[in-house]
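Q: Below are the sequence and a predicted model for it; my questions follow.
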Amino acid sequence: MKKKKDVLFLCQYFYPEYVSSATLPFDTALALANAGFSVEALCGYPKEYNTADTVPLKEKHKNIVIKRLKYMQLERSNFVGRLINYFSFTFTVALRFGELKRYKTIIVYSNPPILPFIAALANKFFQTEVIFVSYDIYPEIAYITNTISQDSIISRMMRSINKVIFKRINKVVALSNEMKTYLHENRTALSIDQIEVIPNWYEDKGISYSKDSSKNPLFRSIKNEGNIVVSYFGNMGIAQDIDTIVDAIRLLKNEDNVQFVFAGHGNKMEYLKSIVENENLNNVTIFDFLHGQDFQDALNISDSFIVSLANGLTGLAVPSKTYSYMMAGKPIIAIMGKDSDIARDLVDNNAGYSIEVGQSSKMVNAIKNLRDNIEERAIMGQNCRNIFLKKYTKDNCTQQYVKLMKNILED
C-alpha cells in the first residue's frame, strides 16, 4: 500500500485563479509544502477567474500536485446558477471519493457549503483527519439575506448535513473571534478547543506613490489634486450592505472633491450600476473585477476604503478585502458590528471608523473628516498598516496553519 500523503486541499477554486477564495488556499498549501509536508489539491477547473490560455487537468506546481475537475459552471450572478455550480462540483468530487483514502488530512472550505460533507465521509470511512475552514456560516447567511427560508428543502438539507460535518471534523478554522463565538454557541458538536482563529491575509506589496499609479489609463480621471478617493473593492453580493454606501453617495453627490470607486463582482453590482446611471451620480466610477497591477494601482490612488456586511451577518462572514486595504496603509470605514475583530482593530488603534448598517450620515461625516484633515488621515493610514504588519501578513497567518498541521499529524 502506498504511503499516505500528508494533506489534500479540497476546494472549488485554486491556482491559477486570482480571487481570494483561490489565492488563500494556494498560499496555505505553499506554506505547508515549504514546511516539508506532502501536499496535493483537488479543485475545480478554472473558468471565470483565470487569465491563462490553457490549464492542465493535472500538474505539479511548486511541489503541490494539483488535480482539476471539470464540472458544470453556470452564471454566478443568480442564486440558481450558484446552486447548480455547488452541486455539480460536489457531485464531481464525490465521484472521486475513493481517492480521499490516500491522505492523512483534508483541508476543506465552507464554499460550496455542501462540499465539507464529502470530507466528513472520508473521516468516517478512512479515518482521515479533517480541518474545516469556515469562510462563511451556512445556512444562517442564507436565512438572514432572505436567499432561502428556514423551512425550505435546501435549509433542512443543510441542517442535516451540518450535523454530520461537525461530528466528523477534527479542527475548525474561524476567521475571527466573533465567528469562533458563533460557532461554539450554535454548533453543539464542537468544543471550544476544536476551534482555532486564523484570519485571512494579504501579501505585503509595500507602499507605492499614488502619483505613479494615477498614470494608469484606468484612473487618470479619478485622482486629482485636492480630492479624496473612497473605494470599495471585491464582492458585492448578498453578504454585503450596499444601501448605506449608496445613501452616503447621494448625500455627497454635490461635493466635487469626493470621488467613489467600485470594482468587483456579485449580484449587487448591477443594482449599483443602475442607481448610478438612473440618478446621474457623477461622483462614482465603477470597474469590473481588478487584479494584478491594476488592483495594486487602484489601492494606491485610493485615500480611504469601505468594507461592509449586511445587517445581522457579523460573526457569519469576514470581508477578506480588508487586509489588502490595511496593507495599503489607508483608513478604513467598516460597516459591520462594533464587536467584530475588524471594527475593534480600527477603533482601538485609531485606524478608521466603525459604523452600523443604515448610519449613512455618520459615514458622510467620516468621509468629510478624512477629506478635511490630511494629517489625521495619514496617521490613521499608518496605524492601519501597523495592524496589518502585526496580524495579517501572509507569512504570519500561513505559519499558523503550519503549526496547526504539525499538531494534528503529531497527535
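A: Good, I have the coordinates.

Q: hey, where'd the helices end up in the stretch 151-300 of the chain?
A: Taking DSSP state H, counting those that start in this stretch, the helices of the stretch 151-300 of the chain run over residues 153-167, 177-186, 210-213, 243-251, 269-278, 292-301.

Q: Please enumerate the helices of the stretch 301-411 of the chain.
A: 322-328, 341-348, 360-372, 374-391, 394-410.

Q: Which secondary structure element of this structure has the lowest mean pLDDT?
A: Ranked by mean pLDDT, DSSP states H and E, the weakest helix or strand in the chain is helix 210-213, scoring a mean of 68.

Q: and the residue nearest in space to the middle of the chain, how far is that from L42?
A: Nearest residue to the geometric centre of the chain (CA atoms, centre = their mean): S320, 3.7 Å. Separation of S320 from L42 (CB to CB, to the nearest Å): 22 Å. Every residue, glycine included, has its C-beta placed from N, CA and C.

Q: OK, contacts around the nearest residue to A366 once chain neighbours are set aside?
A: Distances taken as CB to CB, 6 or more residues apart in numbering put Y353 closest to A366, at 4.3 Å, once the chain neighbours are dropped. Taking CB atoms under 8 Å, 6 or more residues apart in numbering, we find Y353 in contact with 331-334, 346-347, 362-363, 366.

Q: Can you add neighbour count, pLDDT and distance to I153 and give the residues you listed back as a markdown table?
A: Listed next are the contacts of Y353 as a markdown table, based on neighbours: other CB atoms under 10 Å; pLDDT from 0 to 100; distance: CB to CB, whole Å:
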| residue | neighbour count | pLDDT | distance to I153 |
| --- | --- | --- | --- |
| P331 | 27 | 98 | 45 |
| I332 | 26 | 98 | 40 |
| I333 | 25 | 98 | 39 |
| A334 | 26 | 98 | 36 |
| L346 | 25 | 98 | 41 |
| V347 | 14 | 97 | 42 |
| K362 | 17 | 98 | 41 |
| M363 | 24 | 98 | 39 |
| A366 | 21 | 98 | 43 |
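
Q: Ignoring the adjacent residues along the chain, who's closest to Y182?
A: With CB to CB, 6+ apart, the residue lying closest to Y182 is G315, at 4.0 Å.

Q: again with I242
A: Leaving aside its sequence neighbours, I242 sits nearest to K268 (CB to CB, 6+ apart; 5.0 Å).

Q: For T28, the count of nearby residues, please.
A: 28 (other CB atoms under 10 Å).

Q: where does it land in three-state SS?
A: helix (DSSP: H, G, I helix; E, B strand; the rest coil).

Q: going forward, begin numbering at 615 instead of 1
A: Will do, 615 is the new start, and the previous item becomes T642.

Q: can you give me the strands in the stretch 615-764 of the chain?
A: 619-624, 653-658, 672-675, 678-683, 717-723, 743-748 (DSSP state E, counting those that start in this stretch).

Q: just checking, what packs against the shortest one?
A: What that stands for is strand 672-675. Applying 3 or more CB pairs under 8 Å, 6 or more residues apart in numbering; DSSP states H and E, one finds that strand 672-675 contacts strand 678-683.

Q: who touches the closest residue to V971 other than its chain neighbours in this structure?
A: Once flanking residues are discounted, V971 sits nearest to N925: 4.3 Å by CB to CB, 6+ apart. The neighbours of N925, taking CB under 8 Å, 6+ apart as the test, are 758, 855, 971-972.

Q: Could you pick out the buried ones from the residues you listed?
A: 855, 971 (16 or more other CB atoms under 10 Å).

Q: pLDDT weak spots in the stretch 915-1025 of the chain?
A: Along the stretch 915-1025 of the chain, segments meeting pLDDT under 70 span 1025.
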